[in-house]
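Visitor: build me a model:
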Amino acid sequence: MKPNENMEETPAPKKAGSQLILHLILVAAILLIAAVATYRLYKWNQGTPLDTNTEDIDTSQFDIETLDMIIPMDAARLEGREDDGITTILCLGNNPFSDDRGSTGLAAQIASKTNSTVYDCGFPDSSAACKYPIYNPEYTKDHFNLFYVVECFRNNEFTAISSIANDEVDPRYAETVEVMKTVDMDKVDIIIIMYDSTDYNMGTPSDNPDNPNDVTAFTGGLRTTIENIKSTWPYIRIFVMSPTYARYMDENGDLHNGTTTDMGNGTLNHYLVKESDVAMDCGVSFIDNYFGTINEDNYQEYMTDHLHYNNAGREKLAERIADIINNRMGTVTSTSAE
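Guide: Sure, this is the predicted structure:
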């Protein structure tokens, strides 16, 4: 008998064949999924052609992140105060107010948009900070800076500032003092404080970490003045309006971006943040004009140069504060006044 002659031929196990088929199906499925994914990725990368015509797009629909902080008035601060039915606003600051005192001026436009009585007491080229911590008679212009202006109101004394203003060639100084003399602080409901980028441009320190009430620092002058206003006239609402975007002009007349130019005390938006911090610490409202009103994208429409506003710019600033006064002011009831 030949070897293996009577041995039956053993068929290959069916299990091995089935596993091969399953492997082939699995590979085919993976390839199919990969092909579909590749095709979809390709189509996605093709994208939809962009419509570059943006003329009909209303950009006002887009939200802009700002540092706005609107603080309602504590009702306890208004106790015993008689409402005369007239909203009276006192504006303190510099060029945004003093550049135009006519019908297109910032104060006049705030008055018309809020139906209020508005006093424009802004001094040209003045600042939130003082030059000296104690008044120096060799530098009389400190009288026009925020701290000393409010001290005139607190003491109801305008003799010194009037004399100094009359010595100035620019008549706007004397005109502002005459307006100050007509203000009845008992009737003032709102104080608006707005300084442009003058403190930044002058290289004034943004703050003094060792003395938060240092009036020679931007935030120190602001903080001390706000505290004095609140202690003297607790019923007055205070709105701090920040500078808008601006550029810095160096001694050669070259212009530099305020957002990126640090002259030793921080960039202009650093001053913005510090100003916002002071408003928060003092419990008063803050309006961010830097990002929310006139910014790096639109400043050419609203400014005449690196610092000053045109009529459209003043109107835009007036619209911003008027909207808040007309629609967002309120009172809250607490157990005690601040």
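Visitor: correct me if wrong: residue 152 contacts residue 161.
Guide: Yes: using C-beta atoms under 8 Å, residue 152 is in contact with residue 161, at 5.5 Å. For every residue, glycine as well, the C-beta is placed using N, CA and C.
Visitor: which residues do those two both contact?
Guide: Shared contacts of residue 152 and residue 161, defined by C-beta atoms under 8 Å, 6 or more residues apart in numbering, are found at residue 180.
Visitor: quick one: low-confidence residue ranges for the stretch 1-150 of the chain.
Guide: Along the stretch 1-150 of the chain, the parts satisfying pLDDT under 70 run over 1-20, 22-24, 29, 35-64.
Visitor: ok, back up a step: of residue 152 and residue 161, who's got more company?
Guide: residue 161 (23 against 19; other C-beta atoms under 10 Å).
Visitor: secondary structure element for that one, which one?
Guide: Element membership of residue 161, judged by DSSP states H and E, is helix 159-166.
Visitor: buried sites along that helix?
Guide: 161, 162, 164, 165 (16 or more other C-beta atoms under 10 Å).
Visitor: can I get these in CSV including distance to residue 288 and pLDDT?
Guide: Putting these into CSV (distance: C-beta to C-beta, whole Å; pLDDT from 0 to 100) gives the following:
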residue, distance to residue 288, pLDDT
161, 31, 98
162, 35, 98
164, 34, 97
165, 32, 98
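Visitor: could you dump these to TSV with distance to residue 190?
Guide: As requested, the buried residues of helix 159-166 are exported to TSV (distance: C-beta to C-beta, whole Å):
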residue	distance to residue 190
161	23
162	25
164	27
165	25
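Visitor: residue 223: which of the residues you listed is nearest?
Guide: Distance to residue 223, by C-beta to C-beta, is smallest for residue 161 among the buried residues of helix 159-166, at 22.0 Å.
Visitor: what sits closest to the closest one if chain neighbours are left out?
Guide: residue 143 (4.8 Å; C-beta to C-beta, 6 or more residues apart in numbering).
Visitor: for the one you found, which residues are in contact?
Guide: 135, 149, 160, 161, 164, 165.
Visitor: where do the helices sit along the stretch 51-200 of the chain?
Guide: Ranges of helices in the stretch 51-200 of the chain, per DSSP state H, counting those that start in this stretch, are 95-98, 106-114, 146-155, 159-166, 171-181, 198-201.
Visitor: outside of the fifth one, which residues touch it?
Guide: Going back to what we said before, that points to helix 171-181. For helix 171-181, the surrounding residues in contact (C-beta under 8 Å, 6+ apart) are 98, 101, 119-124, 144, 149, 152-153, 158, 161-162, 164-166, 168.
Visitor: give the buried residues for that helix.
Guide: Applying 16+ other C-beta under 10 Å to helix 171-181 flags 172, 173, 174, 176, 177, 179, 180 as buried.
Visitor: and the last one, how far from residue 223?
Guide: Yep, that's residue 180 we're talking about. Applying C-beta to C-beta, to the nearest Å, the value for residue 180 to residue 223 is 22 Å.
Visitor: what about residue 325, distance to residue 180?
Guide: Taken as C-beta to C-beta, the span from residue 325 to residue 180 is 22 Å.
Visitor: run a quick neighbour tally on residue 197.
Guide: Neighbours of residue 197 (other C-beta under 10 Å): 23.
Visitor: which one is it nearest to, not counting chain neighbours?
Guide: That would be residue 246: by C-beta to C-beta, 6+ apart, it lies 4.1 Å from residue 197.
Visitor: check contacts around the one you found.
Guide: 196, 197, 200, 201, 258, 268, 299, 303, 306, 307.
Visitor: hmm, 6 Å instead?
Guide: Contacts for residue 246 (C-beta atoms under 6 Å, 6 or more residues apart in numbering) come out as 197, 258, 307.
Visitor: my guess is the second one contacts residue 268. True?
Guide: Yes: the pair formed by residue 258 and residue 268 meets the contact definition of C-beta atoms under 6 Å, at 3.4 Å.
Visitor: can you pull the contacts of the residue nearest in space to the middle of the chain?
Guide: Nearest to the mean C-alpha position of the chain, by C-alpha atoms, centre = their mean, lies residue 288 at 1.6 Å. Residue 288 makes contacts with 66, 67, 68, 242, as judged by C-beta under 6 Å, 6+ apart.
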